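1. Here is my input; please provide its structure:
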Amino acid sequence: MLVIKSRGLRNGIKAAVPFIVIPALAVLGSMAFARKRHIIISLAIAVFALLLFAAGFEKKTTGTRRMVIVSVMTALCFAGRFIPFLKPMTALTIITALYLGGEAGFLVGAMSALLSNFYFGQGPWTAFQMLAWGMIGLFAGIFSEPLRKNRVLLLAYGAVAGVAYSFIMDIWTVLWYAEGFKWDLYFAALGTAIPYTVSYAVSNVLFLVLLARPFGEKLERIKIKYGV
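-> Take a look at the predicted model:
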């Protein structure tokens, strides 16, 4: 397991990878790469998501144990995407981030999108899905303390995450349709996507109500027992 010992390097990775490198790769993949080569961008994002995850811990044993838990949560997200209409994928990503950190949340969100799209269909949209779900997990980790303590705030975050996911994916819609970004098309895309945006928000709130407490208690026990 890769261990990054330099605190300055870790902080640099935490800042640059999610906010600069991966967004740039997602945009590049939608505009500069041929449709059949999109998987190169998706795999590159997966590598950087792993690097971000590695930057979140200092000890090899801690990182290895956390990776096992993250793998389980990713598998659950993968399976959850097969549920029709309402899907627990975002809620599980948020829960992971609350108890294992934003880097773990980003990895679960990004890898769940990549792996599940081997069934649902890979394309240039995969990079934006990885970015969207990853960022939702990252910010859940950043605000984990208030979100864990306040259930209403957690549910509000789930609703906002559904809206944010739609906003990010509609960037890809415009880039794909217009081969460049145009604000009028972006606002039009947001308007036509309102039913989907509402379903995302409702799904997140519903599954956070159902899953946040039982999964949170289990993850908290695992953290204490194995020193994660």
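
2. pLDDT score assigned to the residue located most distally from the centre of the chain?
-> The outermost residue of the chain relative to its centre, with distances by CA atoms, centre = their mean, is residue 184 at 27.2 Å. pLDDT for residue 184: 91.

3. mind checking how far it is from residue 177?
-> Distance from residue 184 to residue 177, counting by CB to CB, to the nearest Å: 12 Å. In this view, the C-beta of every residue, glycine as well, is placed from N, C-alpha and C.

4. The helix or strand the residue farthest from the centre of the chain falls within: what's the following helix or strand?
-> Under the criterion DSSP states H and E, the helix or strand holding residue 184 is helix 183-192. Sequence order places helix 194-226 as the next helix or strand after helix 183-192, per DSSP H and E.

5. which helices and strands sit right next to that following helix?
-> Under the contact definition 3 or more CB pairs under 8 Å, 6 or more residues apart in numbering; DSSP states H and E, helix 194-226 sits against helix 60-80, helix 89-100, helix 151-178.

6. Which positions in that helix come out as buried?
-> Buried residues in helix 194-226, counted by 16 or more other CB atoms under 10 Å: 197, 200-201, 203-205, 207-208, 211-212, 215, 219, 222.

7. from the residues you listed, which is closest to residue 29?
-> Distances from residue 29 to these, taken as CB to CB, are shortest for residue 200 (22.6 Å).

8. per-residue confidence at the closest one?
-> pLDDT, residue 200: 95.

9. Please, which helix or strand holds the residue lying closest to residue 122 once chain neighbours are set aside?
-> Leaving out its chain neighbours, the residue that sits closest to residue 122 by CB to CB, 6 or more residues apart in numbering is residue 39, at 5.8 Å. Using DSSP H and E, residue 39 falls within helix 38-54.

10. before we move on, back to that, just so I know, which of the helices and strands packed on helix 194-226 lies nearest residue 144?
-> helix 89-100 (4.7 Å).

11. In three-state terms, label residue 86 for me.
-> Counting by DSSP: H, G, I helix; E, B strand; the rest coil, the backbone at residue 86 sits in coil.

12. quick one, what contacts it?
-> Residue 86 makes contact with 199, 202, 203, 206, 207, according to CB atoms under 8 Å, 6 or more residues apart in numbering.

13. Spatially nearest residue to the last one (excluding sequence neighbours)?
-> The spatial neighbour of residue 207 that comes closest, neighbours along the chain excluded (CB to CB, 6+ apart), is residue 91 at 3.6 Å.

14. What ranges in this structure fall below the confidence cut-off?
-> Across the chain, the ranges flagged by pLDDT under 70 are 1-5, 32-36, 58-63.
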